[in-house]
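S.K.: The sequence isn't on hand, but the structure is:
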């Protein structure tokens, strides 16, 4: 015979003894009687809600203190719907943006260009007026003439009696293949460039190098009792050539012929 059990305790084995009707759980009895379990919010029964709460609590306990319920992320569409769109400023342009280049008027572009050109014009004027811009550097060619005479490679002639409008801008004496060259550059009173070349390099080699393949004889001319030859040169250059036994003299440049003749006739 089984021992007596307390009245508030449910027997572990609910199987009825032989000849007795089965014991129906309380929930099932309510269902048979027509009154289902009470519904919670959302149409769920209290039993289902209690079961879900127990599962959530169990999961939270297993997670080591993490919150049982995680608030879901807000719907992106709902967030976008709540934020009002940016309103364009007057004129159809967004606030804070400058005019695009295509919207700038010709007057705006002209003012911008003027702001750039004014400082440049002032700098150019200062360079020309106060610093002597575009003025050639005048040198003294006397030491180079003395160097050529000291080398004694050929007789050396030097201009004499030229007006103050003639300016010496370069001078050099160099030994080259086949001889030596004395080269002095001048600016004429008209601002043209002329070179005086004296050399003992053979003419058949010197003339093609100085006059290029464009150099062609144009006939003789007399200067100071010497028979010079007129030649064309590269581009607009003209040349006067004097052939002597020990040297060749060339006066070549883009100056007019009268200035070339003036320089050639001044050689002493």
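M.R.: On my side now, so go ahead. For clarity, every value in this text was computed on a predicted model and none was experimentally measured.
S.K.: Any idea what residue 250 is bridged to?
M.R.: Judged by DSSP bridges, the bridge partners of residue 250 are residue 197, residue 241.
S.K.: I'd guess residue 246 is in a strand, am I close?
M.R.: No - counting by DSSP: H, G, I helix; E, B strand; the rest coil, residue 246 is not part of a strand but coil.
S.K.: What is the neighbour count of it?
M.R.: 8 (other Cβ atoms under 10 Å). The C-beta positions use only the backbone N, C-alpha and C, and glycine is treated the same way.
S.K.: can you start the count at 56 instead of 1 from here on
M.R.: Yep, numbering from 56; the last one is residue 301 now.
S.K.: List the contacts of it.
M.R.: Residues near residue 301 by Cβ atoms under 8 Å, 6 or more residues apart in numbering: 209, 210, 255.
S.K.: Over to residue 239?
M.R.: Contacts for residue 239 (Cβ under 8 Å, 6+ apart) come out as 196, 199, 200, 223, 225, 226, 227, 250, 251.
S.K.: where's it relative to residue 318, distance?
M.R.: With distances taken as Cβ to Cβ, to the nearest Å, residue 239 is found 10 Å from residue 318.
S.K.: which residues of the chain fall in helices?
M.R.: 81-87, 101-117, 131-137, 161-184, 197-206, 258-266, 312-320 (DSSP state H).
S.K.: still on that earlier bit, need the residues touching each of residue 239 and residue 318.
M.R.: residue 251.
S.K.: Count residues in the vicinity of residue 306, would you?
M.R.: Neighbours of residue 306 (other Cβ under 10 Å): 27.
S.K.: Run through the stretch 106-255 of the chain and note the low-pLDDT ranges.
M.R.: Low-confidence segments of the stretch 106-255 of the chain, defined by pLDDT under 70: 106-158, 181-189.
S.K.: List the contacts of the closest residue to residue 233 other than its chain neighbours.
M.R.: Nearest non-adjacent residue to residue 233, counting by Cβ to Cβ, 6 or more residues apart in numbering: residue 256, 4.6 Å away. Residue 256 makes contact with 231, 232, 233, 234, 235, 236, 264, 303, according to Cβ under 8 Å, 6+ apart.
S.K.: ok, the last one - contacts?
M.R.: This means residue 303. So residue 303 contacts 252, 253, 254, 255, 256, 258, 261, 262, 296, 297 (Cβ under 8 Å, 6+ apart).
S.K.: The third one touches residue 229, doesn't it?
M.R.: The one in question is residue 254. No - using Cβ atoms under 8 Å, residue 254 is not in contact with residue 229, being 10.0 Å away.
S.K.: And these two? Which one has more around it.
M.R.: residue 254 (24 against 10).
S.K.: wait, doesn't residue 217 sit right on residue 318?
M.R.: Yes - with contact defined as Cβ under 8 Å, residue 217 reaches residue 318; the gap is 7.2 Å.
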